[in-house]
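# sequence plus the predicted model coming up.
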Amino acid sequence: GAVVSQHPSWVICKSGTSVKIECRSLDFQATTMFWYRQFPKQSLMLMATSNEGSKATYEQGVEKDKFLINHASLTLSTLTVTSAHPEDSSFYICSARDPLELAEAYNEQFFGPGTRLTVL
Amino acid sequence: AQTVTQSQPEMSVQEAETVTLSCTYDTSESDYYLFWYKQPPSRQMILVIRQEAYKQQNATENRFSVNFQKAAKSFSLKISDSQLGDAAMYFCAYSPSPFTGTASKLTFGTGTRLQVTL
């Protein structure tokens, strides 16, 4: 199956700093990637849909200026948490769709392993 | 907006036994996809099984099968011959058909934590 990686797997930062999380599709080109947020013992909440070469589409209630998404290539999308605060501490997960495989027809998303962000 | 409901926060099953996890959803669409994802302690999301709404036949993947009741908007997951490695969070998810031209976002339920006991 298709592989999606995330880097870093965990990060600890001070309040007020910015943190960048990378999401890469390793063996396929992803025109669309998704960013989710998961609080402890809760479900995944979609934050935004990232489209290669265009602006991301954010879900209602997600601050665009707070969570900057860039999808500059077909294999890389980045999420930057700007001026992070303790309430931004969470588990961030990305996923990608493979447009050239049956996954597209089956609407399957391939998930990265997640990034745990802790803001002190 | 579509919603997905999992009414069982926690379930427990003995090894080798069978357990059924419940999921209901709400949508006005006629064509869509339903999924069950497993999230073990590593937190890596793993696709367990998927069902296309236009298919009447219930999907099956080895020990995992679903009971898809379209009219009732119900999508339960049955795990047979449960194994210790099945212990995880299980999320039911809904997605519109990609052929509708939408971004095909996944909407997740709140999850069911499955414990497997000896």
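Received it, and whenever you're ready, just let me know what you need. Source: prediction; values computed, not measured.
# what sits against the closest residue to residue A:73 other than its chain neighbours?
Leaving out its chain neighbours, the residue that sits closest to residue A:73 by CB to CB, 6 or more residues apart in numbering or on different chains is residue A:52, at 6.9 Å. (C-beta placed from N, C-alpha, C; glycine too.) The neighbours of residue A:52, taking CB atoms under 8 Å, 6 or more residues apart in numbering or on different chains as the test, are A:30-32, A:71-74.
# which of those sit farthest apart?
Using CB to CB, the contacts of residue A:52 reach their maximum pairwise distance at A:32 and A:72, which is 14.1 Å.
# follow-up on the earlier one: so which of the contacts of residue A:52 are in strands?
A:32, A:71-73 (DSSP state E).
# pLDDT below threshold where in chain B?
For chain B, the stretches flagged by pLDDT under 70 are B:98-103.
# what number of residues lie near residue B:31?
13 (other CB atoms under 10 Å in any protein chain shown).
# so it touches residue B:70, yeah?
No: here residue B:31 does not reach residue B:70: they are 10.8 Å apart, not a contact under CB atoms under 8 Å.
# find the residues that touch each one of the two.
Joint contacts of residue B:31 and residue B:70 (CB under 8 Å, 6+ apart) are residue B:53.
# all strands for the chain, in order.
By default, I'm working from chain A. A:4-7, A:10-13, A:19-25, A:32-38, A:44-51, A:57-58, A:67-73, A:76-81, A:90-97, A:110-111, A:115-119.
# chain B, not that one
Assigned by DSSP E, the strands in chain B fall at B:3-5, B:10-14, B:19-21, B:24-26, B:32-39, B:46-52, B:60-61, B:64-69, B:74-79, B:88-96, B:107-108, B:112-117.
# present the ones you listed as a markdown table; the columns should include distance to chain A.
Listed next are the strands of chain B as a markdown table, based on distance: least, CB to the nearest CB, whole Å:
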| stretch | distance to chain A |
| --- | --- |
| strand B:3-5 | 9 |
| strand B:10-14 | 11 |
| strand B:19-21 | 14 |
| strand B:24-26 | 14 |
| strand B:32-39 | 5 |
| strand B:46-52 | 6 |
| strand B:60-61 | 13 |
| strand B:64-69 | 15 |
| strand B:74-79 | 15 |
| strand B:88-96 | 5 |
| strand B:107-108 | 5 |
| strand B:112-117 | 8 |
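# many thanks, we can stop here.
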